[in-house]
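Asker: Give me the fold of what follows.
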Amino acid sequence: MMKRLLTGKSLAVLAALAIIGSATVAAADRRGDDRGWQNRCPHMQGIQLTDEQIQKLNEERAKFYSVTQDVRQQLHEKELFLRAEFAKKNPDAAAAASIQKEISELNSKMDQMRLEHRLEMKKIDPALGSGGHRWGDNRECRNGKQYHRFH
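Answerer: Numbering: from 1, shown residues only. Sure, this is the predicted structure:
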């Protein structure tokens, strides 16, 4: 009885910390300089964008970030629940399968949103995503090692 109570409380605390932690990461995920498309990402070097294009791309990126915030939060939460289920000595296979199904549905929804976002970005600059150039939101350009201003 006591063990079940502690496990339930542990999961509740884990979920609360996950929500607070992901909100903190989201708040810290600000880029600063508007010329990130050309200056921060090595994959975007050599692409010449006008100030208007930069502004539109940044607006579209901010819109995408805002529109997908709930889906990303739900996805993160479900992944933590699945991890917690697997951390149990005897994981419930049905519960894990159900959580995985929800994760797959959220990933599919996110993929559709990402596709729509990329199509909007391509309207602003048709060269994005073609000819070997990467998208401005790719993960390699967001990690701490490569995400800096080039001179």
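
Asker: which element follows the helix or strand of the chain with the lowest mean pLDDT toward the C-terminus?
Answerer: Ranked by mean pLDDT, DSSP states H and E, the helix or strand of the chain with the weakest confidence is helix 36-39, at a mean of 47. Downstream of helix 36-39, the first helix or strand assigned by DSSP states H and E is helix 51-67.

Asker: where in this structure is pLDDT low?
Answerer: 1-8, 11, 16-17, 20-47, 130-151 (pLDDT under 70).

Asker: Quick check: closest non-adjacent residue to Leu82.
Answerer: Ile99 (4.5 Å; C-beta to C-beta, 6 or more residues apart in numbering). Every C-beta, even on glycine, is put in place using the N, C-alpha and C of the backbone.

Asker: for Gln100, same thing?
Answerer: Leu82 is the one closest to Gln100 (C-beta to C-beta, 6+ apart), at 6.2 Å.

Asker: The one you found contacts Ala97, doesn't it?
Answerer: No - Leu82 lies out of contact with Ala97 (C-beta atoms under 8 Å); the separation is 9.9 Å.

Asker: neighbour-wise, which of the two wins?
Answerer: Using other C-beta atoms under 10 Å, the more surrounded residue of Leu82 and Ala97 is Leu82, with 19 against 12.

Asker: In contact with the residue nearest to Leu82, which residues?
Answerer: Lys78, Phe81, Leu82, Glu85 (C-beta atoms under 8 Å, 6 or more residues apart in numbering).
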